[in-house]
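Colleague: return atomic coordinates for the entry below.
(chains A, B and C, ligands or ions: 3)
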Amino acid sequence: MLHQFSYVAPKSREELLDLLSTDYAHAKILAGGTDLLVNIRNGTVKPGMVIDIKKIKEFSGITYSKGEGLVLRPAVTINDVLRDPTVRDYFPLLQECGHDLASYQIRNRATVIGNVVNASPCSDMAPALLCLDSQVVLASSRGTRTVPLKEFFIGVKKTVLAPDEIVERIIVPTQAKGAIGKYRKLKRINGHDLGIIGVAVAVVNGHVRIAVSSAAPTPVVTEGLPMDIQVDEAVEITMNMISPISDVRCTKEYREFMVNTFVRRLLAEVRG
Amino acid sequence: MQENSDSARFAYVGKSVLRVEAIEKLTGLAMYVSDMSLPGMLYAQVKKSPHARARIKHIDISRAAALVGVRAVLTGAELNYRLGLYIVDKDILAKGEVRHYGEAVAAVAADTLEIARKAVDLIDVEYEVLDPVLNHMDALKEGAPLVHPDLGTYDYVEAAFTPVPGTNIANLSKLRKGDVQKGFDESTWIIEREYDNPSVQHVPMETHVAIVQWGKNDNVTIWSSAQSPFTVRNLFCYAFKLPLNKVRVLVPHVGGGFGGKAGIHIEPLVACLSKKAGGRPVKLQASREEEFSLLPCRSALTYKIKTGVSAEGKILAQQMWMYWDAGAYADYAVNVTRASGYSAAGPYEIPNAWIDAYTVYTNKPYGTAYRGFGHVEFHWGVERHMDLIARAIGMDPLEFRLKNALRPGSVSLTGERITDNTGDVLTCISEVAKAINYGKLTEEEKERERRTGRKIGKGIAALHKAPAMPSNTATAAVIKMNSDGTVNVNVGLMEIGQGSTTAITQIVAERLGFRLDQIKVTLEKDTDRDPYDWQTVASKGLILTGNACVLACEDLLKKGYEVAAQALCAHPEDLTHDADRIYVIHRPSEMISWARLSIGYTYPDGKSIGGPLIGVGQYIAHGLSNLDKETGQGNPALDWTYGAHGIIAEVDGVTGEYKVLKVASAFDVGKVINPGMVRGQAVGGMIQGLGTAICEGYVFDKQGHLLNPSFTDNKIPTTMDLPEEIETIVVETPQLDGPYGVRGVGEHSMISVAPALGNAIQAAVGADLTHMPMRFEDVWRAMRNKEPVDNWITKTPAGSCRSDPTTRRHEPDAAIAP
Amino acid sequence: MKIRLTVNSQVYERDVAENRTLLRFIREDVGLTGTKEGCGAGECGACTVYMNGKTVNSCMVLAVEADGAAIETIEGEAVDGMLSKLQEAFDRNHAVQCGFCTPGMLISAKELIHNHPKPTVEQIKEGLEGNLCRCTGYQQIIEAVLDTTGQLTRKEGLEYAGK
Ligand SMILES: Cc1cc2nc3c(=O)[nH]c(=O)nc-3n(C[C@H](O)[C@H](O)[C@H](O)COP(=O)(O)OP(=O)(O)OC[C@H]3O[C@@H](n4cnc5c(N)ncnc54)[C@H](O)[C@@H]3O)c2cc1C
Ligand code: FES
Ligand code: FES
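Modeller: Numbers count the residues shown, from 1 in each chain, chains lettered A, B, ... in the order given. Ligands and ions are numbered 1, 2, ... in the order given. Predicted coordinates:
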């Protein structure tokens, strides 16, 4: 890596927020680093300071309570999610998405929150988290605020996160009957690959929700749709919220077709 | 050179002996050039062109040169050395004009990698961007920009190649056999179509890397991750006008080659940097991104085939036009053109054949050798075409293949008569057909179709390939006995993972009658100490080096017997030996140990005879000849390895997504020396072939920028991409001049995987594909007869990859024009 | 920045640049070159090592992040010159060709067996998905893993026509 930076690993949340309140302009948070280090290597990001948040004790761990829901903290990796029995029992859709993200070693490092903050259109965690109505808790020395994930993304790799803010938690609300859902990702090979498109369909609190990745500037999700919605109508609503492009991976035309097809198939599967 | 090939009689041949260098590799101790560093070593970095074609107006190196720690900066202006394997057309650094995206325009050597990178960033190059010629079919058009306006002034190998000055044609190879016009006239069917494939990257896991020290008195030492140390030396000396004995090339373990490391690549540039830095060693390792465009790839191909077939389904005539995309430099591409020219029809008998095979310059990264040497690419066309013909004339593709396949008595395209021992393609085809239950679905498969809603299809494709090499390809082996009766074997053949070192160990142990642990075949190569070998390419290693080793063993034994006969006062004919000693056949107690003979025999009174025992064997390809430039007739083939693949694929008839359920492959290897390793070559090559078939290929934008130079967008197969079932079958028709009957099989496993898959996909859902790779989207488009994706990966002159077949009945066509 | 860590149970204390990757630290500063670089971008797995008991792509980790960590590399796999069961199985099953992917592959395979003492073929494939091998076609690697866990049934995968 050519670019030079300083490295700090604060031990507490306060220390971190303090640091950010003064150094935010040139600092970058380092969680698993699987996006940040790729970007530094490519020269697309040139931070003056890298702040490693993994040494902050309270940033680890997944907790669940009926009242609060599922709480994912900044150091929680994709493999943590895949191993967690609560997630398995109550939020299997999160595991389906996580399973499709990168390779085993990468998943040992890649964090859920890093994936969300990176805000790539092809994020694999976003579709599930969007379907499940997740809330993002942001913190800075100025205070905390909570934003629905849907409003967190504002453009290709752009979010509402202010430079001195961090994402402290992602909260996935408790679902009455557990979150039943399916995720399907179109790839070029069966092995690990970024998604050409990804579609998640979930039944959440008596409604159907459809989320799509790699087909718009950000991952997108529908409102809760009636359980008995006509397939064609659900497809139309989905198609209206996406705006796929042609690129090295595939054409706009095929992307549209595959979103359409996956929505139909997943709806059938999820509704049984 | 053929020995009795009955495995039961052998101690080592035919046995799955463990890889001799496995333990070094398993423990992380094996040393590759990328692991090496030398005292005082500098690190090099390269400034690369962001344009496909541009005039270099000015290069400002002042800021780079001023950086502390920079020891040398070079631009093309100060270098006057040209390189080239067959056509000497490449400057070490671009001079005047850049000819492809990623081409080196300047280079730096510095104390650390970081400083070198910073220095490269500080070099300013001012370009005048010119219109590139990117598609090889466009490059043939009148008025196309010339990639090499000075082509007429370049040196080239005249015996084999024909560049056409004033055009972008780097070579035109022709073949004429029989009378195609007559063949077409007699045909009931004429079927014609065009096929193509893009450029592809080899992807050795170790990228190209070299360390060079330009020492005093022009003594140059090169450590390189290279397949052919002697070729590096030869071409290096040719470029720098140095005597061969001044340049020493050393190659330790190599992290994969697949043809990409067969020629000479970054070594001359690194050498120039070392010279400029006052003789300090300099190391350059390509990044993965650089591997895609600074270094060469496999050429793209457009292949048009027109076939005349009789009412009974016999091929009577075939006319073939090949357009190979050399990219910016000819490198191996001209020889790929030549070699594929004479095998272009696949393993089938074509009584009347006509081929024009062009190598065309374009402003793209240049093509080089890649496993299969053109055969992966053109077999895609040939074997899809065989299915097309069969369907058109209403015959089963398997039956059609069996009817037209080469067999004893057939005459090859270049006039060679196939014999009982050439190899047996019929058995290969039949075996894979049997292995996949060709032609029907089993109950289980039908049930699977019902369960998944997907369609299952089965396809077959055959293949052949001979080593593409000069008629005088030669090699040698030296076996030196140590004073304890062990031996060291020196050969020039490189170990790049293919397992030759182990196979050679087995052959030497077998022939000497020694134990395996008495034999050490030196793995690291050193052109100062090892005997000459042409190159480690072409699947010719085991035949040529194996033969040289057998001869060296015989030489060693003969010399040992002579001394022993004298010492034992016996006739050499009355002697025999085992791993430890030579003894008199009828009086075994009269014996001398090898150890006592090894460096000379000493009598009890101190007098001595003999001397260090060294066996030498030389072998040169037998009976090959140059090809006639007008007709392509002659004998180019050391041996032909035949094979076939059968594939079962499961395809989603709506989306075009598919999965490979089973691949069965069969090769006539002559004789299996090491079953475990033959299987490793067979499966490894097959998966590489699947990569080529499914997803690999360069994608350019219309300015010629390479859009996917990394693993992010140039995927290669992973464990998840393995077929559910893999079956490897060998046929053993002994090669009469191969040691123990062997023939090469290193490349063949990769050939014809793609068409077998294409044929299976078509059988499943009707998608009729004429271009590789077959991405899911391509299958989807083909199923719906949609215009294929119009991007550079598949673009042909018509503006798309669509190639509708022309099938005509009873109207033989006279027009023969490309 | 000064860091202190163990590599294969040996303590190392070094001053490293903040932007140095763990991979280059292991290869160039510690001098253990068994761990390879195939891409530098997290894609190929040639650089896989254990860090605090988890496998990571060491090209995607900063050396400074490993301050205080326990690193295990391929050089720590054979103990007292004795190959591990896994290494022996790789040897026996011809799972090595050029050898460049092998160190990373072995580390991932070890982790996979740790997670799944009796893995299914599907689990093996998933566990090794992040390790590219261009030579072997993976089949003999999968067999080596099955052999290590005592699950290999088919020994010789080569069939001879007509025999
Ligand atoms: C080889 C490879 C394959 C990949 N494949 C996939 C894939 O298939 N699907 C997919 O979705 N992604 C993929 N990725 C991308 C990446 O792994 C994921 O996006 C990952 O989840 C990012 O998490 P991280 O912890 O590594 O993020 P980091 O790189 O540490 O951080 C990502 C960004 O988020 C910021 N950040 C992180 N945490 C916080 C926080 N708590 N508060 C504020 N800002 C924060 C960082 O500053 C940085 O800008 C792949 C990456 C690689 C290298
Ligand atoms: S070198 Fe780290 S994943 Fe390729
Ligand atoms: S053995 Fe060569 S890359 Fe795996």
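
Colleague: just for chain A, where's the confidence low?
Modeller: A:176-179 (pLDDT under 70).

Colleague: who are the packing partners of the helix ranked longest in it?
Modeller: If you go by DSSP state H, chain A has its longest helix at helix A:252-271. If you count contacts as 3 or more Cβ pairs under 8 Å, 6 or more residues apart in numbering or on different chains; DSSP states H and E, helix A:252-271 packs onto strand A:180-186, strand A:197-204, strand A:207-213, helix A:231-241, helix B:776-783. In short, each C-beta sits where N, CA and C put it, glycine included.

Colleague: quick one: the helices in chain A?
Modeller: A:13-23, A:36-42, A:78-83, A:85-90, A:92-99, A:104-109, A:112-118, A:125-131, A:149-152, A:231-241, A:252-271.

Colleague: hey, which of these is tucked in deepest?
Modeller: Most buried of these, by mean neighbour count (mean count of other Cβ atoms under 10 Å in any protein chain shown): helix A:125-131, with a mean of 30.

Colleague: mind saving the C-alpha coords of it as PDB?
Modeller: This file holds the C-alpha atoms of helix A:125-131, laid out as PDB (Å, rounded to 0.1, in the frame of the first residue of the first chain):
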ATOM      1  CA  MET A 125     -26.600  -7.700   3.800                       C
ATOM      2  CA  ALA A 126     -28.700  -4.700   2.800                       C
ATOM      3  CA  PRO A 127     -31.600  -6.600   1.100                       C
ATOM      4  CA  ALA A 128     -32.200  -8.600   4.200                       C
ATOM      5  CA  LEU A 129     -31.800  -5.700   6.600                       C
ATOM      6  CA  LEU A 130     -34.000  -3.600   4.500                       C
ATOM      7  CA  CYS A 131     -36.800  -6.200   4.400                       C
END
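
Colleague: what are the pairing partners of the helix or strand bottoming out on mean pLDDT in chain C, and which direction each?
Modeller: Least confident helix or strand, chain C: strand C:158-160 with a mean of 93, by mean pLDDT, DSSP states H and E. Sheet pairing of strand C:158-160 (DSSP bridges) gives strand B:725-731 (parallel).

Colleague: and the strand it pairs with, what's its mean pLDDT?
Modeller: Per-residue pLDDT over strand B:725-731 has a mean of 97.

Colleague: name the residues that touch that strand?
Modeller: If you take Cβ atoms under 8 Å, 6 or more residues apart in numbering or on different chains as the criterion, strand B:725-731 is touched by B:423-424, B:427-428, B:431-432, B:435, B:642, B:661-669, B:672, B:678-679, B:682-683, B:686, C:137, C:139, C:157-162.

Colleague: now that we have the residues you listed, which of them are buried?
Modeller: B:423-424, B:427-428, B:431-432, B:435, B:642, B:661-669, B:672, B:678-679, B:682-683, B:686, C:137, C:139, C:157-159, C:161 (16 or more other Cβ atoms under 10 Å in any protein chain shown).

Colleague: chain B contacts on the stretch 51-200 of chain A?
Modeller: Within reach of chain B by Cβ under 8 Å from any Cβ of the partner chain, the stretch 51-200 of chain A has these residues: A:L186, A:R188, A:I189, A:N190, A:G191, A:H192, A:D193, A:L194.

Colleague: do that again at 6 Å, thanks
Modeller: A:R188, A:I189, A:N190, A:G191, A:D193 (Cβ under 6 Å from any Cβ of the partner chain).

Colleague: turn those into a markdown table, including distance to chain C and neighbour count.
Modeller: A markdown table is the format used below for these (distance: Cβ to the nearest Cβ, whole Å; neighbours: other Cβ atoms under 10 Å in any protein chain shown):
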| residue | distance to chain C | neighbour count |
| --- | --- | --- |
| A:R188 | 13 | 21 |
| A:I189 | 10 | 18 |
| A:N190 | 9 | 19 |
| A:G191 | 5 | 22 |
| A:D193 | 10 | 23 |
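
Colleague: residue in chain A nearest to ligand 1?
Modeller: Closest to ligand 1 within chain A is A:G114: 2.3 Å, counting by Cβ to the nearest ligand atom.

Colleague: tell me who's in contact with that residue.
Modeller: A:A31, A:G32 (Cβ atoms under 6 Å, 6 or more residues apart in numbering or on different chains).

Colleague: just C:D67 next, same as before
Modeller: So C:D67 contacts C:I3 (Cβ under 6 Å, 6+ apart).

Colleague: per-residue pLDDT of it, please?
Modeller: Note for C:D67: predicted pLDDT of 98.

Colleague: just the strands in the stretch 451-600 of chain B please.
Modeller: B:455-465, B:474-481, B:487-491, B:519-521, B:525-526, B:575-577, B:581-584, B:587-593, B:599-602 (DSSP state E, counting those that start in this stretch).

Colleague: also chain C?
Modeller: Using DSSP state E, the strands of chain C run over C:2-7, C:10-15, C:48-51, C:54-57, C:70-72, C:158-160.

Colleague: wait, isn't B:V563 in contact with B:P612?
Modeller: No - applying Cβ atoms under 6 Å as the test, B:V563 and B:P612 come out as separate, 10.9 Å apart.

Colleague: these two - which one has more neighbours?
Modeller: Neighbours were counted for B:V563 and for B:P612 using other Cβ atoms under 10 Å in any protein chain shown; B:V563 has more, 22 against 12.

Colleague: measure how buried whichever residue of chain A sits closest to chain C is and give me the count.
Modeller: Relative to chain C, the nearest point of chain A is A:S103 (2.6 Å; Cβ to the nearest Cβ). A:S103 has 29 neighbours, counted by other Cβ under 10 Å.

Colleague: contact partners for the nearest residue to it once chain neighbours are set aside?
Modeller: Counting by Cβ to Cβ, 6 or more residues apart in numbering or on different chains, A:S103 lies nearest to C:G130, which is 2.6 Å off, once chain neighbours are set aside. With contacts defined as Cβ under 6 Å, 6+ apart, C:G130 is in contact with A:S103, A:Y104, A:Q105, C:G45.

Colleague: where does C:G130 land on pLDDT?
Modeller: On pLDDT, C:G130 comes in at 98.

Colleague: would you agree B:K141 falls within a strand?
Modeller: No - going by DSSP: H, G, I helix; E, B strand; the rest coil, the assignment for B:K141 is coil, not a strand.

Colleague: tally of neighbours for it?
Modeller: Quick note: B:K141 (other Cβ under 10 Å) scores 12 neighbours.

Colleague: repeat for B:G143
Modeller: Neighbours around B:G143, by other Cβ under 10 Å: 5.

Colleague: same question, C:T73
Modeller: Around C:T73 there are 24 residues (other Cβ under 10 Å).

Colleague: returning to that earlier point: among the buried ones among the contacts of strand B:725-731, which lie within strands?
Modeller: Using DSSP E, these in strands are B:Y642, B:L661, B:K662, B:V663, B:A664, B:S665, B:A666, B:F667, B:D668, C:L158, C:E159.

Colleague: please report the distance of the closest residue in space to the fifth one that isn't next to it in sequence from B:Y658.
Modeller: It refers to B:A664. Ranked by Cβ to Cβ, 6+ apart and with sequence neighbours excluded, the top spatial neighbour of B:A664 is B:A435, at 3.5 Å. Plainly put, B:A435 is 20 Å away from B:Y658 if you go by Cβ to Cβ, to the nearest Å.

Colleague: and for B:D668?
Modeller: Counting by Cβ to Cβ - B:D668 and B:Y658 are separated by 30 Å.
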